[in-house]
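A.B. asks: pasting the structure only:
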C-alpha cells in the first residue's frame, strides 16, 4: 500500500539524515506572518515593524510593558509649546561602519512618507512635523499646535542611513543592499514566504547581542506552528493558538509567556441610522433602530457573559474588558469595571425600552482576523438569543467583511452590529478614542474606524482637549474621563483584552511584549 | 484526482460480449454487483448513512443549529459528560461552541450529503448537456464550450467561492452553486470524450442515414452509451464535493458557522488536533472518512460492473 | 494540422482575455484591498493616499485598460502587498512549487505503478483488493487533515522528519533546488507525500485498468505463447502499452499540482506559488491573482493541446483536424 511504502522511504531518509545540531548560538522563531518587505518605510504593519526592529532602530523605543524608552535618542523634552528637542545617542555606528548623525534622522523624515507603491505609508507619523538639525546630535521637531504624543509618534518610525538610503528603492532593501541599520542584528537574507535571517552586530552600541544568528520562518497555519515547536524545528513561536496553550503549559520542555496586549475585542453598534438593515422585529417587519436607545445597548452589554468567553472560548488567554484599553495603560479609567453578566437585568432593560419580546438581529464579523473571532461571535449570539434577541451569525472572510463594514452602504458602513478588534498603537487611550468613537470627520482625521458612526460632541471636545495637553498627568485625567463618557454611553461594547502568547523551549526567556512584537534580541537564556 | 480515472481509454467498442437478455438489466446488474462483498457492505453503509441523515432531527438529543439550545459553557466537554442543564449525556463530547458532537455530526452529515448529492446531480446534468452539445454540434460551438471548460478548470475554487460570498453571502445554496460551477466542467469533458467516440460508430451513422432527428439521436442513442462513465464520475465527484466543501470551509469560504456541515466540523476540529481534545476533530473525521470511502467503493464497483471491457 | 494549431492558438488567446476580465472584475467585486493593506491606525487622508498610490481611485474599467496596456508590454503591474513586479514575485516562488510537484509525481509513479500492476495482474487476490480499497482512502480525506496528521506522526511523535518549511538549496547544472541537499530532501518528504497521496491512488487505478485490459490482448497472449519470461512480458510489453494513458493523465495532474497545491503549501509553510496565490486571494492582491491565473490558464491550454494532439496521434478515430472544421 501507498502508505506503507511512503512510510518506509520516509523512515530511511529520516534515519540517515542526522538532525542538524542545534547550534546554541542560533535562535529560530516561527512567526505568524512574514514582512512584506525589508524596507522599513514600505508597509506600516506589525509583521514588518516587528521584524525590522532587529536591523533598524527608532529614536524612541517601546519597552516590553508598552512604556517608552530611549532608543537612538537619549532624551527628549519640549522646549516650547510646539517644539520638541531630541538629543541623539553618540557613538552609534551604522552596520557599514559610518557614524549615525542628525542628518540620518532628517533624511528619514523625508523618505518615510514618500515610498512609492507603499500600501500603508508612515505619512501619518511624519505629517505636520517640521524637523530641523541643530547639531550632529540634536534635532528640533515642531508642529503647528501642541503635540504631546510626539515621542509616541516617533516610536513607530525606524531610522535609516542617509548615505545608503539616498535613492534606494524598496527592492534595494529587499536584496539587502540598502538594509543597513544601527540595530543589534545585521541583515543576512530575505527569502519571501520562506525565511528572514539576521546575524549578530558585534559593534552594537548596547553591548554584544545574545545570538549569533536569528532565523524567522513564517508559518501561518496555527497548528503547524505549534507542531514546528513541538518537533524542535523552531525554538520559539508567537501567537500560540488558545486551543493548545493548556497542553503546552503541561509540557515540561516548554515555557509559555503571556502578556496583556494593547488590543481590545469589542462590538461596534450602528448608532447613526434610524432604521438599520440587519435588525428586524420578531415578525420580520421593519422596526426603528433599537440600538439608538441607551437601554438596549446596556441590555446587550449585560447579556454578555465575559467570564464565560474568557474561560470557555479564549481558554483563559484573555481578560474581561471594561473599556478601550486594559487598566495598566495610560489614559484609562480606574472607575470602569467590566459590565457584570446579568441576563435578567438585560431582559428588564429591553422591556423598559419597549422590546419585551426582543427583536431579530444579524451579527457580522470577520472569520480568521482576530483570535477566535468566529467562536466569540457564536457564543455572544447564544447569549443574546437567551434574552430574546434572536441572533443570526454571519461571519465573512476579512476580504469581504472589512470592505462592507467600512464602505458597504454607498460609502458608509453597512452592518448593524459587528465584532471587531482594535490595537492602540500609541499605547494610550487617545489612540483608541479618536478613531473608534470620535465623530467621523475627514478634515480632523477622527472617527476613521468608527464603523458605528457614534457621535458625541462632548466626547469629541474632551479628546481634542487631551490631545493639546502637554502635561501628562492632566492629559491622563482627561482621557480617563473621556473613556468613562464613551463607555457609560455604550458607544462600543468591549468584550475582552486578549493576552499575547509566546511559547519557547525551556531555558529560554522572553519578556512578553504589549505591542505583540516578537523581538529575538529580547530572548535570553 | 479521481475524476480523471474514467477519462482514459474510451469505453465499449463492440457489444459482442453482452450476455443474452434473459433477465432484466437491473437484476443482471445486481447479480454482478453483489459478487463483491465489500461493495455490498459499502452500499449498505451508504444506505445507513442516508437514513441517519434523514432521521437525524428525531433521534438526536439536541438541535445543534438552535442557538438557544447550545451553551458555550458546555464547550469542549469530553465524551460521556452530562450537559449543564442535566437533560442528556454528551456521548461523543462537545465541540468548541458547546454543541453536542453526536447531534452536530448527524446534522452535519445531512448537510454534507445534501451538498454532495445536490451539487453532484446538478453539475452532472449541466455538464452532460453541455458535453453532448459540444460533441454533437462540433465546430465553433464545440470549440467555444471546450475552451470554457479549460477556463473553468484553471479557475481556483476558493476565488470562485469568495466571489460568490461577496455577492450572495454564505449559505448551503451558495456553496452548492460554487460546487456546481467548479464541477460541471469535469462532467462536460467526460461526456464529450465518450460521445465523440460513440457518434463515429456505425449505429449512429446508421441512425443518421435513416434521417432520425438530432435530438432523438443524441438522447436515445448517444446519451445512454455515455451513462456508465457518467455515473462513475458522478459518485466520485459527489464524494469529492463533500471533501471540497470541507476544504473551502477550512479556507474560510465555506458554510455558515452556526450550521456546520461535517466538513466544517472537521475544519473547526483542525485547530484542536494538537490540543489533546481528540474527540472534537477525531469523530467528525472518522465519519467523513467513512462517508467518502463508502461512496467511492460503490462508485468503484459500479465502474467495474458497468464497464464491458473489464468483463471476464 | 498547422491550421488546427493556429486556430487553437486563436481560441486560447480568447480564453486568456476572458480569464483576465473575469478575475480582474471578480476580485474587484469581492472587496476593496485597501482595508486589508493599510494600518488600521491610518486616518482618512492616509487611506486616500494609499488608494491613489495603488491606482484604485480610477473607475474599474479604466484600471482594466491600464492593466491590458501594461500586460501587452509584458508588465502585469506591481503587487499591492510586495510593491514588486507581480511576475517577479510569482516566478520567485516557482522553483519551490515545481520541485514539490515533481517530487509528488515521481512518488506517485514509483509507488503507484507497481501496486497497480499487481492489482491488475491478480485482480482476485486479497492483496489486490486491499490495494484498491486502500487507494480509496488515499483520496477520501481532505488534504489539510492528512497534512497535519503527517506532521503529527512523522515530525512531532517520531521526530524523523522536519515539520514545515523548505530546506537549504544547492545549485547543480544551473538549477537551484532544495532536492539537491539531504536536509532539503528531508523537508521535501512530508509535503510531497501529502500531495502524492491523491496521485498514487490515481496511478494505481489507471495502471490496474490498463493492465486488466491488456492481459487479454493478442500481443500479450502471443508473447506468452512464445514462452517469454513473465517478467519480460510485464516489464516490457505490458508496461509500454499502459504507460501512455498514465503519462497523459499525470501530465494534466501535474498542471494541477503546479497551479493549486494551495492547501499543502499552506499547512507545510512551503514557500511556493500555491501559498502565494491563497495569500494573494485572501488579501485581494489583484495584480498577483490576475498574473497568476493568466499564467495558469496558458499552462492548462498548452497541456490540453498536447494531450489532444497525443490523442489524435494515438487514437486515429479522434482526428483533430476534421473535428475543428
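C.D. replies: Right, received. Where do you want to start? This one's a predicted model, so the numbers in the text were calculated from it and none came from an experiment.
A.B. asks: Where is the longest helix in chain C?
C.D. replies: helix C:86-121 (DSSP state H).
A.B. asks: pLDDT (mean, whole number) over that helix?
C.D. replies: Across helix C:86-121, the average pLDDT comes to 92.
A.B. asks: got any ranges where the stretch 1-150 of chain B has weak pLDDT?
C.D. replies: B:1-23 (pLDDT under 70).
A.B. asks: Doesn't residue B:62 lie inside a helix?
C.D. replies: No. Per DSSP: H, G, I helix; E, B strand; the rest coil, residue B:62 lies outside any helix segment and is coil.
A.B. asks: Tell me which helix or strand comes right after the longest helix of chain C.
C.D. replies: Downstream of helix C:86-121, the first helix or strand assigned by DSSP states H and E is helix C:126-138.
A.B. asks: What are the buried residues along that following helix?
C.D. replies: C:128, C:129, C:131, C:132, C:133, C:134, C:135, C:136, C:137, C:138 (16 or more other C-beta atoms under 10 Å in any protein chain shown). C-beta here means a position set from N, CA and C on the backbone, and glycine is covered the same way.
A.B. asks: ok, now stretch A:351-368?
C.D. replies: A:353, A:355, A:358, A:359, A:360, A:361, A:362, A:363, A:364, A:365, A:366, A:367.
A.B. asks: chain center to the longest helix of chain C, what's the gap?
C.D. replies: 8 Å (C-alpha atoms, centre = their mean, to the nearest Å).
A.B. asks: Stretch B:139-157 too?
C.D. replies: 22 Å.
A.B. asks: quick one: contacts of it?
C.D. replies: Contact partners of stretch B:139-157, identified using C-beta atoms under 8 Å, 6 or more residues apart in numbering or on different chains, comprise B:130-131, B:133-135, B:178, B:181-182, B:184-186, B:188-189, B:192, B:244, B:247-248, C:7, C:11-12, C:14-15, C:18-19, C:22, C:259-260, C:262, C:277, C:281, C:293, C:296-297, C:299-301, C:304, C:323-325.
A.B. asks: Low-confidence ranges, the stretch 201-325 of chain C, go.
C.D. replies: C:310-325.
A.B. asks: Model confidence for residue A:2, exactly?
C.D. replies: Reported pLDDT for residue A:2: 40.
A.B. asks: what about residue B:260, which SS state?
C.D. replies: The local conformation at residue B:260, judged by three-state DSSP, is coil.
A.B. asks: show me where chain C has strands.
C.D. replies: C:170-172, C:175-177 (DSSP state E).
A.B. asks: sorry, back to before: from the buried residues of stretch A:351-368, which is closest to residue A:220?
C.D. replies: residue A:367 (14.7 Å; C-beta to C-beta).
A.B. asks: which non-adjacent residue is nearest the closest one?
C.D. replies: residue A:395 (4.2 Å; C-beta to C-beta, 6 or more residues apart in numbering or on different chains).
A.B. asks: Just to be sure, the one you found is in a strand?
C.D. replies: Yes. Residue A:395: assigned to a strand according to three-state DSSP.
A.B. asks: ok, so what distance separates it from residue A:406?
C.D. replies: As for residue A:395, its distance to residue A:406 is 17 Å (criterion: C-beta to C-beta, to the nearest Å).
A.B. asks: So for those two, which residue has more residues nearby?
C.D. replies: More neighbours surround residue A:395 than the other of residue A:395 and residue A:406, with 24 against 21 (other C-beta atoms under 10 Å in any protein chain shown).
A.B. asks: Check the gap between the most centrally placed residue in chain B and residue C:247 for me.
C.D. replies: Nearest to the geometric centre of chain B sits residue B:238, at 0.9 Å (C-alpha atoms, centre = their mean). Distance, residue B:238 to residue C:247, by C-beta to C-beta: 28 Å.
A.B. asks: same check, this time on residue A:378
C.D. replies: 49 Å.
A.B. asks: and those two? which has more neighbours close in?
C.D. replies: Between residue A:378 and residue C:247, counting by other C-beta under 10 Å, residue A:378 is the more crowded of the two (26 against 13).
A.B. asks: any idea which element that one lies in?
C.D. replies: helix A:373-386.
A.B. asks: what's the offset of that helix from the middle of its chain?
C.D. replies: Using C-alpha atoms, centre = their mean, the offset of helix A:373-386 from its chain centre is 24 Å.
A.B. asks: returning to what we had before: closest to residue A:53 among the buried residues of helix C:126-138?
C.D. replies: residue C:138 (45.7 Å).
A.B. asks: so the residue nearest to residue A:367 makes contact with residue A:370?
C.D. replies: No. At 11.2 Å, residue A:395 does not count as touching residue A:370 under the criterion of C-beta atoms under 8 Å.
A.B. asks: which residues touch residue A:346?
C.D. replies: Per C-beta under 8 Å, 6+ apart, neighbours of residue A:346: A:298, A:299, A:300, A:302, A:303, A:387.
A.B. asks: Hmm, I typed the wrong one, I wanted residue B:288.
C.D. replies: Per C-beta under 8 Å, 6+ apart, neighbours of residue B:288: B:112, B:242, B:243, B:246, B:262, B:263, B:266, C:141, C:142.
A.B. asks: ok, back up a step: return only those of the buried residues of helix C:126-138 found close to chain B.
C.D. replies: C:129, C:132, C:133, C:136, C:137 (C-beta under 8 Å from any C-beta of the partner chain).
A.B. asks: Nearest to chain A among those?
C.D. replies: For those, the closest approach to chain A (C-beta to the nearest C-beta) belongs to residue C:137, at 8.4 Å.
A.B. asks: I'd like to know how far the closest one sits from residue C:42.
C.D. replies: Where residue C:42 is concerned, residue C:137 sits at a distance of 50 Å (C-beta to C-beta).
A.B. asks: Residue B:174 now?
C.D. replies: Applying C-beta to C-beta to residue B:174 and residue C:42 gives a distance of 33 Å.
A.B. asks: helices and strands of chain A: which one bottoms out on pLDDT?
C.D. replies: Taking mean pLDDT, DSSP states H and E as the measure, chain A has helix A:2-16 as its least confident helix or strand, at a mean of 40.
A.B. asks: helix or strand right after that helix?
C.D. replies: Counting by DSSP H and E, what follows helix A:2-16 is strand A:26-31.
A.B. asks: what mean pLDDT would you report for that following strand?
C.D. replies: Strand A:26-31 carries an average pLDDT of 96.
A.B. asks: what packs against it?
C.D. replies: helix A:46-52, strand A:213-218, helix A:222-230, strand A:236-237 (3 or more C-beta pairs under 8 Å, 6 or more residues apart in numbering or on different chains; DSSP states H and E).
A.B. asks: Show me the one of those that comes nearest chain C.
C.D. replies: helix A:222-230 (4.6 Å).
A.B. asks: Pop out the phi and psi values for residue A:195.
C.D. replies: phi -160, psi 160 (degrees, to the nearest 10).
A.B. asks: quick one: residue A:178 from chain B, how far?
C.D. replies: 35 Å (C-beta to the nearest C-beta, to the nearest Å).
A.B. asks: So residue B:249 is in contact with residue B:259, correct?
C.D. replies: No. Between residue B:249 and residue B:259 there is no contact under C-beta under 8 Å: 11.5 Å.
A.B. asks: of these two, who's got more company?
C.D. replies: residue B:249 (27 against 17).
A.B. asks: what's in contact with the one helix or strand residue B:55 maps to?
C.D. replies: Under the criterion of DSSP H and E, residue B:55 resides in helix B:37-59. Applying C-beta under 8 Å, 6+ apart, the external contacts of helix B:37-59 come out as B:33-34, B:63, B:103, B:106-107, B:109-110, B:113-114, B:290-291, B:293-295, B:297-298, B:300-301, C:129, C:133.
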